[in-house]
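J.: Build me a structure from this.
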Amino acid sequence: MLRDGCVFLMYHELALPNRECCQSDPGYTRYVLSAEEFESQMLAIRDQGMRGVSVSDGLLHPESAVVITFDDGCETDWLTAAPLLKNLGFGATFYVVAGKIGKPGFMSGAQLRELSNAGFEIGCHSMTHPYLPDLDEAGLHREIVAAKVELETVLGKAIEHFSCPGGRYDSRVIRIAKAAGYRTLSTSVPRANFPSSDPFHLGRIAITRGVSNSSFLDLCRGNALWKMQLKVRLNDSAKRLLGNSTYDRLRSLILEK
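T.: This next block holds a predicted model:
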């Protein structure tokens, strides 16, 4: 295990029988695990003497902890992930796209309140899920500040954690998130977090389908993250060279093949 630090895992929608996913794009579905695969990973964490916790708890007490996060606010967070986590005594942070509340495939306001009342932490994942660096100041205010207000209105409590759509962010995003009153900002950079880590540059590891439990546990222990970091640096270079939209189109074509 990591000394004085822990790994933040990033999940998305879970696949259920006879239920369509929110998106069919291969760039999205590679992050969609089956409920059985997710449960197997959570049991593996428990069996190794580790515990799944929220962002707040992981920053306060990282010892033998793995932070569990979900992006987007899909309805399977409430239907499947939360009951599994609750049965294991695990916590988690669910980052919600405020503008998708009540849309098909996503949690309703009532489901979101039930999730929060069950003890799970709710964070913000923007208003409409754009790539934030592509926006002007007004757009950033809508996606970061107005989205926070929207979620706080639905839940009746403060929203303190933000995660960046697609892991894309810049200095303006950090500045506005700080001014809005967030305590942390999570990225998609695959690195462990420590008490000394900048809370507005928190790393997370995206979990894709088909990862073996042994490889999964290696990630939870913080092993071999340099390989993922190298891949992210190469991808980031391609994004800067091609632009977000061209990069995404090429990525989808490659994944389809």
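J.: what about stretch 118-132, start to end distance?
T.: Terminal residues of stretch 118-132 are spaced 31 Å apart (C-alpha to C-alpha, to the nearest Å).
J.: Run through the stretch 1-150 of the chain and note the low-pLDDT ranges.
T.: Residues of the stretch 1-150 of the chain that meet the criterion pLDDT under 70 lie in 1.
J.: All the strands of the stretch 1-150 of the chain, residue numbers only.
T.: 7-11, 14-15, 33-34, 51-53, 65-72, 93-96, 121-124 (DSSP state E, counting those that start in this stretch).
J.: mind checking the end-to-end distance for stretch 208-221?
T.: Criterion C-alpha to C-alpha; first-to-last residue distance in stretch 208-221 is 17 Å.
J.: How are the helices of the stretch 51-200 of the chain distributed by residue range?
T.: 55-60, 75-76, 82-88, 109-117, 137-140, 147-155, 171-180 (DSSP state H, counting those that start in this stretch).
J.: Centre of the chain to the third one, how far?
T.: In other words, helix 82-88. 18 Å (C-alpha atoms, centre = their mean, to the nearest Å).
J.: got the buried residues for that helix?
T.: For helix 82-88, the neighbour count (16 or more other C-beta atoms under 10 Å) marks 82, 84, 85 as buried. From N, CA and C alone the C-beta is placed, and that goes for glycine too.
J.: cool, and the last one?
T.: Along helix 171-180, these residues count as buried under the neighbour rule (16+ other C-beta under 10 Å): 173, 174, 176, 177, 180.
J.: I'd like the distance between the second one and residue 57.
T.: Pointing back at residue 174 there. From residue 174 across to residue 57, the span is 23 Å (C-beta to C-beta, to the nearest Å).
J.: which one of the strands of the stretch 1-150 of the chain lies closest to residue 187?
T.: strand 7-11 (9.6 Å; C-beta to C-beta).
J.: and that closest one, what does it pack onto?
T.: If you count contacts as 3 or more C-beta pairs under 8 Å, 6 or more residues apart in numbering; DSSP states H and E, strand 7-11 packs onto strand 65-72, strand 205-206, helix 213-220.
J.: and of those, who's closest to residue 53?
T.: strand 65-72 (4.8 Å).
J.: could you say what helices and strands the closest one packs with?
T.: Going by 3+ C-beta pairs under 8 Å, 6+ apart, strand 65-72 lies up against strand 7-11, strand 51-53, helix 55-60, strand 93-96.
J.: Give me the buried positions along stretch 98-115.
T.: 98, 99, 100, 101, 105, 106, 107, 111, 112, 113, 115.
J.: could I have that stretch exported to PDB, CA atoms only?
T.: Output of stretch 98-115 as PDB, limited to C-alpha atoms (Å, rounded to 0.1, in the frame of the first residue of the first chain):
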ATOM      1  CA  ALA A  98     -26.200  19.200 -13.200                       C
ATOM      2  CA  GLY A  99     -27.900  19.800 -16.500                       C
ATOM      3  CA  LYS A 100     -28.600  16.100 -17.000                       C
ATOM      4  CA  ILE A 101     -30.600  15.600 -13.800                       C
ATOM      5  CA  GLY A 102     -33.900  13.900 -14.700                       C
ATOM      6  CA  LYS A 103     -32.800  13.200 -18.300                       C
ATOM      7  CA  PRO A 104     -33.200   9.600 -19.600                       C
ATOM      8  CA  GLY A 105     -30.500   7.400 -18.200                       C
ATOM      9  CA  PHE A 106     -29.500   9.900 -15.500                       C
ATOM     10  CA  MET A 107     -30.600  10.300 -11.900                       C
ATOM     11  CA  SER A 108     -33.600  12.300 -11.000                       C
ATOM     12  CA  GLY A 109     -33.500  15.000  -8.300                       C
ATOM     13  CA  ALA A 110     -35.300  12.600  -5.900                       C
ATOM     14  CA  GLN A 111     -32.800   9.800  -6.600                       C
ATOM     15  CA  LEU A 112     -29.900  12.200  -6.100                       C
ATOM     16  CA  ARG A 113     -31.300  13.300  -2.800                       C
ATOM     17  CA  GLU A 114     -31.800   9.700  -1.700                       C
ATOM     18  CA  LEU A 115     -28.100   9.000  -2.600                       C
END
